[in-house]
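1. Turn this into a model:
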Amino acid sequence: MSAIAVVGVGADGWPGLSGAAREALGAAEAVLGGARQLALLPPEVTAQRVVWPSPLRPAVPGLLERFAGSRLAVLASGDPMFYGIGRTLRECGVPADSLRVLPHPSSVSLACARLGWPVEETEVVTLVGRAPEALHAALYPGRRVLVLSADASTPALVARLLVGRGYGPSRVRVLEQLGGPAEAVREGVADGWSLAAGDPLNVVAVECEAGPDAPRQQLVPGLRDELFESDGQLTKRHIRAATLAALGPGPGELLWDVGGGSGSIGIEWLRAHRSCRAVSVERDPVRVERIVRNAAALGVPRLRVVQGAAPDALAGLERPDAVFVGGGLTVPGVLEACWAALAPGGRLVANTVTLESEALLTQWYRRHGGELVKLSVAHAVPVGGFTGWRQAMPVTQWSVLKGAGGSGAAESVEVPVGGAK
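-> Numbers count the residues shown, from 1 in each chain. Model prediction:
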């Protein structure tokens, strides 16, 4: 089978294509693409034109099978490997050597060229097929953000999101039809956005300026407790930071957060890297809804929430790289199911404040090794006209790296962690 030609095309259409791209399209017997992209092809491209169905991803294997043995080309917007169809084809199992990718400058490259922004210092958020709250995680004072729009309504949506997060003073520019004859730039300020919907092919450029009420974000774990909506079932800030350090999130890794509570551990895991994945398992339906709201507010709406009680709710989930157990430790089978799900090299971290669960963790520590620590946090509070320490309930934490033989290096440490609030 000949390689599939994956051709990036811009708003400048056929005139903007390289000779190699034109040759590949001219030789094709079938061309797959969006209706807008296919309309850019001239009559001399005689191949059968097939519009991508919606939803696209489930249809890809069938279409590839349909045109197996044919000279096939696929059209993409800009760079096919940047949030594009090239990535989708690879994820659907097409080998790299079966693709001939012919990229066009991406909308990000074109936008940064127009704005004079260094590409490597510009944050990019796509809202194409994604929850818009993903933008929240990119909002920091002084940062520059490019938003890849879903359609003509995206600029107004971005403005509303900015205002809702306290970034109303931010300058917002809409770059339409980049690279094409109808290229245009419109701008305004998020607070009081009044521009009418324009061209659906646009990129939104945001120069982040925080208002006085904008919440303070941070890159490292340990977000302030008040940023989470909670009924009290929340891993508190200092313990949460220590827990994320023990879990050690890495790019692309999957976490099970068992006994999600307010979702704080799964949320901070996802904030560590854009490719991190997490599943929060929570039996209480009210808390499930709260976890979803917290994840959206803190910029990680991709958090998957499963309503159900462990261990039954764990059945069928993808094998995790790390597991956190924050509740239900004494429920029969919970620790056993979590341990069995981990492959060698996986990490398990469990926290508790009760003596019963601590006794259980001590047994597992003796059996599998790892690290058993007690975390103690005290906050400075007024005592009459003076200041004293108020001790929070100490947290026993067991963490272990599962080895090929199912055990880790044993170490027991008592760590006092104090701090003023």
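
2. what sits against the closest residue to residue 71 other than its chain neighbours?
-> Nearest residue to residue 71, sequence neighbours excluded (CB to CB, 6 or more residues apart in numbering): residue 29, at 4.6 Å. Where C-beta positions appear, they are placed from N, C-alpha and C, glycine not excepted. Contact analysis of residue 29 by CB atoms under 8 Å, 6 or more residues apart in numbering lists 47, 48, 67, 70, 71, 72.

3. surely the third one meets residue 30?
-> In this case it means residue 67. Yes - using CB atoms under 8 Å, residue 67 makes contact with residue 30 at a distance of 5.0 Å.

4. between these two, which one's more packed in?
-> Applying other CB atoms under 10 Å to residue 67 and residue 30 shows that residue 67 carries more neighbours, namely 21 against 16.

5. Only the buried residues of stretch 297-314, if you could.
-> By neighbour count on 16 or more other CB atoms under 10 Å, the buried set for stretch 297-314 is 297-307, 309-311, 313-314.

6. How about stretch 97-107?
-> Buried residues in stretch 97-107, defined by neighbour count with 16+ other CB under 10 Å: 99, 101, 102, 103, 104, 105, 106, 107.

7. returning to what we had before: ok, the residue nearest to residue 71 to residue 19 distance?
-> Residue 29 sits 20 Å away from residue 19, going by CB to CB, to the nearest Å.

8. do the same with residue 37
-> In terms of CB to CB, residue 37 sits 19 Å off from residue 19.

9. of the two, who's got more company?
-> Remark: of residue 37 and residue 19, residue 37 carries more neighbours, 23 against 7, as counted by other CB under 10 Å.

10. How about the contacts made by that one?
-> Per CB under 8 Å, 6+ apart, neighbours of residue 37: 9, 75, 76, 77.

11. so how far is whatever helix or strand residue 75 lives in off the chain centroid?
-> Counting by DSSP states H and E, the element that carries residue 75 is strand 72-77. For strand 72-77, the separation from the chain centroid amounts to 27 Å (computed by CA atoms, centre = their mean, to the nearest Å).

12. now swap in stretch 185-196 and tell me
-> 27 Å.

13. what's the span of that stretch, first residue to last?
-> 13 Å (CA to CA, to the nearest Å).

14. List of residues touching stretch 103-112?
-> 7-10, 16-17, 21, 77-82, 117-119, 122, 124, 146, 148, 175, 178-179, 203, 205.

15. Give the buried subset of those residues as a PyMOL selection command.
-> In PyMOL syntax, the buried subset of the contacts of stretch 103-112 is picked out as below (16+ other CB under 10 Å):
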select buried, resi 7+8+9+10+16+17+21+77+78+79+80+81+82+117+122+124+146+148+175+178+179+203+205
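
16. quick one: which of the contacts of stretch 103-112 sit in strands?
-> 7, 8, 9, 77, 124, 146, 148, 175, 203, 205 (DSSP state E).

17. dump the residue contacts of the last one.
-> Applying CB under 8 Å, 6+ apart, we find residue 205 in contact with 111, 115, 117, 144, 145, 146, 147, 172, 173, 174, 175.

18. TSV for those residues, including distance to residue 340 and pLDDT?
-> Output for these, formatted as TSV (distance: CB to CB, whole Å; pLDDT from 0 to 100):
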residue	distance to residue 340	pLDDT
111	48	97
115	52	98
117	49	98
144	46	98
145	42	98
146	44	98
147	42	98
172	50	98
173	52	98
174	52	98
175	51	98
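
19. of the residues you listed, closest to residue 400?
-> residue 145 (39.2 Å; CB to CB).

20. from memory the closest one sits against residue 123, does it?
-> Yes - using CB under 8 Å, residue 145 is in contact with residue 123, at 4.6 Å.

21. the more surrounded of the two?
-> Higher neighbour count among residue 145 and residue 123: residue 145, with 22 against 16, using other CB under 10 Å.

22. can you tell me how far the more buried one sits from residue 186?
-> Applying CB to CB to residue 145 and residue 186 gives a distance of 17 Å.

23. which residues of the chain fall in helices?
-> Taking DSSP state H, the helices of the chain run over residues 19-27, 35-38, 60-66, 85-91, 107-115, 154-164, 237-247, 264-271, 285-297, 334-341, 355-368.

24. any idea how far the longest one is from the chain center?
-> Centroid separation for helix 355-368 versus its chain: 34 Å, with CA atoms, centre = their mean.

25. tell me, what residue is most central in this structure?
-> By CA atoms, centre = their mean, the chain has its centre lying nearest to residue 274, at 4.3 Å.
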